[in-house]
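Asks: generate coordinates for the sequence data below:
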Amino acid sequence: MSAQVVGRESPVGDPGRIGGGGDPFACALRTAIRAKGLSLERIQHRLRGRGSTVSIAALSYWQSGRRRPERPDSLTALAHLEEILDLGEGALRSLLGPPRPRGKARPRPVPASSPLGWVADASASEPMAELLADVDTSSDHDLTRLSLRDQVELAMDGSTRRVRSRQVLRAERGGVDRVLLGYDTRLPGDPLPVIGTLRGCSLGRVATDPRNGLMIAELLFDRPLRRGERTAVEYELIYVAPHHPTFDNTHTRRFRHTVKEYVLEVRYDSRCRPARCEQFTSGLTDVEPAEVRETPVDAWGYAYAVAVDFGPGVVGLRWEWA
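Replies: Residues are numbered from 1 along each chain as shown. Now for the predicted structure:
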């Protein structure tokens, strides 16, 4: 959970989400870290003592399945990590499998006008392009995002239960009649949500790719907008129990266009509070966050991320479970 750009959301905006899915390496690493009872900060400190510098973000990405170690220095760090976690030599590395595709070559590049043009992963561009071919993307670049709010509700086990989103948009030309909602689980095997309550719009065409965890949907306005006219749309993404996504620790939204104001609100179940939470921002193609800020979880179980006049880029919250 993307972002209006599917912002992992990747509601367009990705409300990006991390969990590991069926990746054996990510699952094994996550299980070993929990069994050892070490925080990512403590693991980073121990790796540094062995001469390997690995960021907290990289460790988080490895255990979530979003990234995996492939460069020589990362593989050296992985060998030290196996020692720190009391695993046998090669126990984690043997689960990596062949290197993932890299480079700029894309059999079917995402159209430049697409609201999902932020997708930079060559392995994801072709399935995303195929979904975009099934919907009308012509209006997206003619909408200004004045405000956007995501409310994420987590279940007792830390998985995502639902996401409520509200967007205020302004048409920059007459005749704009829809906005795209995009969602990217980023985790193969995680279920796609059901589009629930709609307000200020109706559901148009929906294209899904369950295998790659992708969904694109058209939200149709009640009527075409006049130039300069504003409208608000609301929608809900619901995960039907017991098919919630896997144990999450991140929610993001990606913006290809500038948004005047964005607010991300995550509500944690009282029986499953994080030990630590932080807001982060980055560029669309950055691996490491450009800015990280500690974010408190209030007495009611809410954490917030706020961005003003932001984009293009990624905004999100990430947390560590106790």
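Asks: so which strand or helix has residue 47?
Replies: Per DSSP states H and E: residue 47 is located in helix 40-49.
Asks: check residue 256 and give its pLDDT.
Replies: The confidence metric pLDDT takes the value 81 at residue 256.
Asks: can you give me the neighbour number for it?
Replies: For residue 256, the tally of surrounding residues (other C-beta atoms under 10 Å) stands at 25. (C-beta placed from N, C-alpha, C; glycine too.)
Asks: doesn't residue 314 make contact with it?
Replies: No: judged on C-beta atoms under 8 Å, residue 256 makes no contact with residue 314 at a distance of 10.5 Å.
Asks: where do the contact lists of these two overlap?
Replies: Common contact partners of residue 256 and residue 314 (C-beta atoms under 8 Å, 6 or more residues apart in numbering): residue 284.
Asks: re the thing from before, what mean pLDDT does the helix holding residue 47 get?
Replies: For helix 40-49, mean pLDDT is 85.
Asks: what's the first helix or strand after it?
Replies: Scanning forward in sequence from helix 40-49 by DSSP H and E, the next helix or strand is helix 56-64.
Asks: packing partners for that following helix?
Replies: helix 24-36, helix 40-49 (3 or more C-beta pairs under 8 Å, 6 or more residues apart in numbering; DSSP states H and E).
Asks: domains for the protein, by residue range?
Replies: As assigned by automatic domain parsing, the chain contains the domains 24-95, 122-321.
Asks: adding mean neighbour count, write the helices and strands packed on helix 56-64 out as CSV.
Replies: CSV is the format used below for the helices and strands packed on helix 56-64 (neighbours: other C-beta atoms under 10 Å):
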stretch, mean neighbour count
helix 24-36, 18
helix 40-49, 15
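Asks: figure out which of those helices is closest to residue 129.
Replies: Nearest to residue 129 among these is helix 24-36 (26.0 Å), distances taken as C-beta to C-beta.
Asks: kindly format the C-alpha coordinates of that closest one as CSV.
Replies: The C-alpha trace of helix 24-36 is given here as CSV (Å, rounded to 0.1, in the frame of the first residue of the first chain):
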residue,chain,number,x,y,z
PRO,A,24,10.6,-18.8,2.0
PHE,A,25,13.6,-16.5,2.6
ALA,A,26,11.5,-13.7,4.1
CYS,A,27,9.5,-16.2,6.2
ALA,A,28,12.6,-17.9,7.6
LEU,A,29,14.3,-14.6,8.4
ARG,A,30,11.3,-13.2,10.1
THR,A,31,10.8,-16.3,12.2
ALA,A,32,14.4,-16.4,13.2
ILE,A,33,14.4,-12.8,14.3
ARG,A,34,11.3,-13.3,16.4
ALA,A,35,12.8,-16.5,17.9
LYS,A,36,16.0,-14.7,18.8
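Asks: show me the contact partners of that helix.
Replies: Outside helix 24-36, the residues within contact range by C-beta under 8 Å, 6+ apart are 20, 40, 43, 62-65, 68, 81, 84-87, 91-92, 95-97.
Asks: filter the residues you listed down to the buried ones, PyMOL style.
Replies: Buried residues within those, by 16 or more other C-beta atoms under 10 Å, are selected in PyMOL with:
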select buried, resi 20+40+43+62+63+64+65+68+81+84+85+87+91+92+96
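Asks: in the protein, which spans are strands?
Replies: Secondary structure of the chain (DSSP state E): strands at 143-154, 160-171, 176-184, 194-199, 202-209, 214-225, 230-238, 250-255, 259-267, 274-282, 291-294, 302-310, 313-321.
Asks: list the buried residues in the fourth one.
Replies: What it means is strand 194-199. Neighbour-count burial for strand 194-199, counted by 16+ other C-beta under 10 Å, picks out residue 195.
Asks: how about the contacts made by residue 308?
Replies: Neighbouring residues of residue 308 by C-beta under 8 Å, 6+ apart: 260-262.
Asks: any idea how far apart the tips of stretch 151-164 sit?
Replies: 5 Å (C-alpha to C-alpha, to the nearest Å).
Asks: how about that stretch: buried residues?
Replies: Neighbour counts using 16+ other C-beta under 10 Å place 151-155, 158-164 of stretch 151-164 among the buried residues.
Asks: circling back: quick one, the helix holding residue 47 and helix 56-64 angle?
Replies: 110 degrees (axes from the mean of the first three to the mean of the last three C-alpha atoms, to 10 degrees).
Asks: circling back to that earlier point, which PyMOL command selects the buried ones in the contacts of residue 308?
Replies: Restricted to buried positions by 16+ other C-beta under 10 Å, the PyMOL selection for these reads:
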select buried, resi 260+262
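Asks: show me which of the contacts of residue 308 is closest to residue 291.
Replies: Nearest to residue 291 among the contacts of residue 308, with distances taken as C-beta to C-beta, is residue 262, at 14.3 Å.
Asks: returning to that earlier point: and the domains of the chain, which is most packed in?
Replies: Counting by mean count of other C-beta atoms under 10 Å, domain 122-321 has the highest mean neighbour count of those, with a mean of 18.
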